[in-house]
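*Asks:* I'll drop the sequence and a predicted model, then ask my questions.
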Amino acid sequence: MLNQLKYERKLVFGNEDFPLNLSTLEDHPDYPLHVHDFSEIVIVLGGSGVNVINEESFPLKAGDVFVLHGNRPHGFRDTQQLSLINVLFDRSLLEVNQLEIADLPGYQALFDVEPALLDIGHFNRHLQLNFSQLTRVRALTNAMEIELHSSRIGHKVREYDERDKSDLDIQPIDQGSRLIALGHFMILVGTLSRWYAGKPIQAPHKTHKIGKVLSHMEQRYDQAVDIEELTEVSGMSRRNFFRSFTELTGKTPMAYLHDLRIGRAAHLLQTTSKNITETAFECGFEDSNYFSRQFKKAMGITPRAYKAQQSSGKTS
């Protein structure tokens, strides 16, 4: 799309190493399709409107919660006093193994599977908060907003396109505020994931079933896993599981597991002193040479060169 708008990260996040921001938007106007290279949690506080994702449209009302990954064109139309909270974040903030965030009930379904469902026109499984839950979320986001914006000038996040280069004075956030804001963000993610997992359903929807499989993969990516095991976890027939998994993730189960292992390996190479062989075995690869070939194929660089590059970046 020639006229497609987009956000630039530098006008959204004050620190590239702390990609988290939040805006409370009153009377949100219509806005055309746009993209960005980060994600957002949208919480509707009041009013009405239509959320557009690619060519799909979804009516909005108070209490609606949905996660959008910015590579999917999205926008708003037919807004009427639409009030919402936008929590803007990079997925790297959730890649903290010690927190085991991917193991949270409902996390995979809400943050991975549900966005894929929205992309293909399914909105009936989204999270809908009651008044009490919405009040609790408002308290969390208000506290987060205070920490994110108390030490910053010009903090309002704006939608814009490449032609709009107006200067914005976004100042870095001090360390204490970063720590507390991140804590509130993690509580928000955990709370929403719990509520999503606890949604009353007559029969388990494929969102939850595939979400269980993704969580299982996150917990056992370092072990031998096959299609039969994943099919059993899903509770679906092999044919339905394979079709549903591919539809919702865009990858086959084993391709998804492979990419998950490569991603975990990259994280270990970047953040630990483990060598190539140790990294390969810890991420489920039985042969370090095979791991090196697959890593280079996926990342465009050998594991050794990647580790050296990351180490150089930290010391420069």
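*Replies:* Good, I have the coordinates. Residues are numbered from 1 along each chain as shown.
*Asks:* Give the next helix or strand downstream of the helix or strand where residue 177 lies.
*Replies:* Residue 177 is located in helix 175-197, with elements delineated by DSSP states H and E. Counting by DSSP H and E, the next helix or strand C-terminal to helix 175-197 is helix 206-220.
*Asks:* Please spell out which residues along that next one are buried.
*Replies:* 206-218 (16 or more other CB atoms under 10 Å). (Glycine included, C-beta is placed from N, CA and C.)
*Asks:* what angle do it and helix 175-197 make?
*Replies:* 130 degrees (axes from the mean of the first three to the mean of the last three CA atoms, to 10 degrees).
*Asks:* and the next element down the chain from helix 206-220?
*Replies:* helix 227-234.
*Asks:* What's the mean pLDDT across that following helix?
*Replies:* Helix 227-234 comes out with an average pLDDT of 92.
*Asks:* try stretch 19-31
*Replies:* The average pLDDT for stretch 19-31 rounds to 90.
*Asks:* quick revisit: helices or strands up against the helix holding residue 177?
*Replies:* strand 20-28, strand 39-53, strand 74-89, helix 107-108, strand 127-128, helix 131-149 (3 or more CB pairs under 8 Å, 6 or more residues apart in numbering; DSSP states H and E).
*Asks:* Okay, now the unreliable bits of the stretch 151-300 of the chain?
*Replies:* 151-172, 199-205 (pLDDT under 70).
*Asks:* For residue 49, see how far away residue 303 is.
*Replies:* Separation of residue 303 from residue 49 (CB to CB, to the nearest Å) stands at 47 Å.
*Asks:* mind showing which ranges of the stretch 1-150 of the chain have poor pLDDT?
*Replies:* In the stretch 1-150 of the chain, residues with pLDDT under 70: 1-4, 7, 14-16, 95-100, 102-105, 116-125.
*Asks:* What's the separation between residue 140 and residue 188?
*Replies:* With CB to CB as the criterion, residue 140 and residue 188 are 5 Å apart.
*Asks:* more neighbours, those two?
*Replies:* Ranked by neighbour count (other CB atoms under 10 Å), residue 140 and residue 188 place residue 188 first, with 21 against 18.
*Asks:* can you list the buried residues of helix 206-220 in a markdown table and add distance to residue 61?
*Replies:* Formatted as a markdown table, the buried residues of helix 206-220 follow (distance: CB to CB, whole Å):
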| residue | distance to residue 61 |
| --- | --- |
| 206 | 25 |
| 207 | 20 |
| 208 | 23 |
| 209 | 27 |
| 210 | 26 |
| 211 | 24 |
| 212 | 29 |
| 213 | 31 |
| 214 | 29 |
| 215 | 30 |
| 216 | 34 |
| 217 | 34 |
| 218 | 33 |
